[in-house]
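A.B. asks: turn this into a model:
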Amino acid sequence: MSDSDGTAILYHEALKGGTRLTRNLCALLKRAYVLINAAETRDPIKAADKIVKFIEDNNIETRNPYFLESDRSCRNQRLAP
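C.D. replies: Purely as a prediction, here's the structure:
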């Protein structure tokens, strides 16, 4: 995360554990980030559109996608019904 220009954080209902830590580190390091709540953004196309807009609006060139092992609940949620 510290080597990237920005971070897209997908979470379910509440920031917790490593997801909250990632958001806090982004703020501390003054890195751009976008929060996408899977409970509110259930359509994967809309979630992807938010990420693309974030990338374009913030001129993001370096991205390091990863999932936090402690946030298994988010990964197991389906965005689409």
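A.B. asks: state which helix of this protein is the longest.
C.D. replies: Taking DSSP state H as the criterion, the chain has its longest helix at helix 44-57.
A.B. asks: that one packs against which elements?
C.D. replies: When contacts are defined as 3 or more C-beta pairs under 8 Å, 6 or more residues apart in numbering; DSSP states H and E, helix 44-57 packs onto strand 6-11, strand 32-37. Heads up, the C-betas are built off the backbone N, CA and C, glycines and all.
A.B. asks: quick check: buried residues in it?
C.D. replies: Using 16 or more other C-beta atoms under 10 Å as the test for burial, helix 44-57 gives 47, 50-51, 54-55.
A.B. asks: likewise stretch 6-14?
C.D. replies: Using 16+ other C-beta under 10 Å as the test for burial, stretch 6-14 gives 6-12.
A.B. asks: now that stretch - C-alpha only, PDB.
C.D. replies: Listed in PDB are the C-alpha atoms of stretch 6-14, where the atom choice follows Å, rounded to 0.1, in the frame of the first residue of the first chain:
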ATOM      1  CA  GLY A   6      -3.900   5.000  -4.300                       C
ATOM      2  CA  THR A   7      -5.900   2.300  -2.700                       C
ATOM      3  CA  ALA A   8      -9.400   1.000  -3.300                       C
ATOM      4  CA  ILE A   9     -10.800  -0.500  -0.100                       C
ATOM      5  CA  LEU A  10     -13.800  -2.900  -0.500                       C
ATOM      6  CA  TYR A  11     -15.400  -3.800   2.800                       C
ATOM      7  CA  HIS A  12     -18.700  -5.100   4.100                       C
ATOM      8  CA  GLU A  13     -20.800  -2.900   6.400                       C
ATOM      9  CA  ALA A  14     -18.000  -1.700   8.700                       C
END
